[in-house]
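In: Sequence and predicted structure, then a few things I'm wondering about:
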Amino acid sequence: MNRKFGYLPILFLLAAGCPSTAPGPDSGVGPDGSMQPFPDGSIADEDHDGLCDALEVMVGTDPGSDDTDGDGFSDWFEYVNRMGPLRSDIPERDIFIPMVETPEASVSRTFTLEVRASGEDFAGHFAAFDAGDPLGITAADFITGIEADFADPPENVGMVFGEMGVFGGVTRRTVLGFELGMAYGDQPPRRCIRAFPFEVIIKSSLGRTYLREDRYLLILPVGETTRTGTWCMPTEVLCT
Ligand SMILES: [Ca+2]
Ligand SMILES: [Ca+2]
């Protein structure tokens with residue numbers, strides 16, 4: 001999975017059916033359709049969602065609403081993650097793992113897979129991706145590890161290295177369970193919603209990938225949901 005934000009292809013596709021509103025003199029759109037900074041050097045972002053007004057006009061979202069489709073996920077987040085900022089039925093909610101931003105908060109998820117093996121090892125890994133966070137924080141700052149949790153039947157596994165996330169010497173048809181752990185830790189609360197993309201990967205010692213699943217760690221302020229809370233601003237306002 002490539003999490004390098006693919007703005008240009010998205011912009012091209014959406015712009016082909018838009019814009020419904022013609023760029024005006026104050027829209028930040030130049031005569032050739034390019035995005036232009038405003039005279040004072042700033043970029044207008046009326047709703048403070050991280051997408052500039054001009055880009056919102058181009059893609060069809062509402063420059064006056066940080067959540068055009070009203071699904072609880074900000075226009076910026078849905079746009080950069082290709083989740084349809086004009087469709088409230090996506091993203092699918094089961095890809096999110098919510099966690100409250102308190103020092104004692106922790107969550108876990110189990111990933112299971114069935115393998116047919118003849119003595120190889122199986123190991124769990126994760127990869128964290130750029131989340132546009134102003135402090136450079138990623139899911140890796142919250143993930144505490146992937147442990148080798150259970151095997152069924154257990155006698156098909158030669159050795160379990162739990163905290164290393166490895167089942168060693170697996171034979172025959174076996175169900176393996178890996179547990180992903182996350183904790184908020186001692187980071188200061190920001191009182192705004194953030195989502196950090198990452199991927200869980202299970203590979204064998206023969207190099208074959210058996211499982212690869214995308215998830216987002218969803219950090220929520222105390223007492224808030226995606227419906228009631230405000231999303232954090234990304235590193236910079238996106239306008240191209
Ligand atoms: Ca905006
Ligand atoms: Ca939305």
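Out: All right, it came through fine. Residues are numbered from 1 along each chain as shown. Ligands and ions are numbered 1, 2, ... in the order given.
In: so residue 180 makes contact with residue 108?
Out: Yes - using Cβ atoms under 8 Å, residue 180 is in contact with residue 108, at 6.2 Å. All C-beta spots, glycine's among them, are computed from the backbone N, C-alpha and C.
In: what about the residue of the chain positioned farthest from its centre, which SS state?
Out: Farthest-out residue of the chain from its mean C-alpha position, per Cα atoms, centre = their mean: residue 155, at 36.9 Å. Counting by DSSP: H, G, I helix; E, B strand; the rest coil, the backbone at residue 155 sits in helix.
In: picking up where we left off before, so for residue 180 and residue 108, which sits in the more crowded spot?
Out: Legend: neighbour count by other Cβ atoms under 10 Å for residue 180 and residue 108, higher for residue 180 (24 against 15).
In: before we move on, which element is that one in?
Out: Assigning secondary structure by DSSP states H and E places residue 180 in strand 166-183.
In: other SSEs contacting whichever helix or strand comes after that strand?
Out: Going down the chain from strand 166-183, the next helix or strand is strand 194-204, by DSSP H and E. The contact analysis (3 or more Cβ pairs under 8 Å, 6 or more residues apart in numbering; DSSP states H and E) places strand 194-204 against strand 106-128, strand 166-183, strand 209-220.
In: Which positions within the longest one qualify as buried?
Out: When neighbours are counted by 16 or more other Cβ atoms under 10 Å, the buried residues of strand 106-128 are found to be 107, 111, 115, 117, 120, 121, 122, 123, 124, 126, 127, 128.
In: Repeat that for the last one.
Out: Within strand 209-220, the residues that qualify as buried are 211, 215, 216, 217, 218, 219, 220, counting by 16+ other Cβ under 10 Å.
In: Quick check: residues of the protein near ligand 2?
Out: Residues of the chain lying close to ligand 2 (Cβ under 5 Å from the ion) are 67, 69, 71, 73, 78.
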